[in-house]
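Undergrad: A predicted structure for the sequence below; I have some questions about it.
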Amino acid sequence: MDAPIAALAAQLAQESDFRADAKSPFASGLSQFTTATSIWISSLYPQLGSPAPLDPQWAIRAMILYDKRLHDGINPAVDECSRYSFALSDYNGGSGWRIKRQKMSPQPGVYAITSAFNPGISKANQQQNQDYPFRIIYHWQPIFVSWSGPMVCLPKTGN
């Protein structure tokens with residue numbers, strides 16, 4: 001598969017710690033879909049069948065399709081690392097907040113700069129959404145690098 005397997009595994013680790021029965025106040029399953037998002041994503045991709053966020057196969061397939069849709073919808077992005085980071089941020093907090101951040105940013109295609117702008121959400125939600133891509137890419141992804149596929153944003157190294 002020509003997919004970022006390590007990054008996808010990292011996202012599942014972040015979302016649910018690989019627990020198919022994971023539940024948060026608003027979402028459930030491996031990929032932590034809300035009810036509304038699971039219905040919406042199933043309507044976009046009929047091949048998924050009925051919404052089933054607690055079914056691991058459904059959750060993984062839905063997450064991958066949703067990630068790809070988000071990734072392909074990012075504009076502008078200066079590089080693939082920013083594009084993937086914006087897509088992960090959208091997954092976590094919604095595309096509307098990213099669009100507002102990009103309108104506020106002097107460099108709307110650079111995630112590291114744009115993510116710091118608060119578009120009007122609570123300080124805690126801002127921090128959580130800003131850090132979400134970095135936790136996946138730089139904390140979790142290196143753990144799964146041996147799972148194959150290309151790495152998203154090569155891990156930072158010191159000089």
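TA: Now that the structure is in, tell me what you want to look at. This is a predicted model, so every value here is computed, not measured.
Undergrad: Next up, the contacts around the closest residue to I121 other than its chain neighbours.
TA: Nearest non-adjacent residue to I121, counting by C-beta to C-beta, 6 or more residues apart in numbering: W97, 6.5 Å away. Backbone N, C-alpha and C define where each C-beta goes, glycine included. Contacts here follow C-beta atoms under 8 Å, 6 or more residues apart in numbering; on that basis W97 touches 89, 119, 121, 129.
Undergrad: switch the cut-off to 7 Å
TA: 119, 121, 129 (C-beta atoms under 7 Å, 6 or more residues apart in numbering).
Undergrad: From W97, how far out is the first one?
TA: Meaning P119. For P119, the distance to W97 equals 5 Å [C-beta to C-beta, to the nearest Å].
Undergrad: Helix or strand: which one has I74?
TA: Here I74 sits in a region with no helix or strand, counting by DSSP states H and E.
Undergrad: close enough to count as contact, it and R83?
TA: Yes: applying C-beta atoms under 7 Å, one finds I74 in contact with R83, separated by 4.8 Å.
Undergrad: In TSV: the contacts of W97, plus pLDDT and secondary structure.
TA: Below are these laid out as TSV (pLDDT from 0 to 100; DSSP: H, G, I helix; E, B strand; the rest coil):
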residue	pLDDT	secondary structure
P119	97	coil
I121	97	coil
N129	97	helix
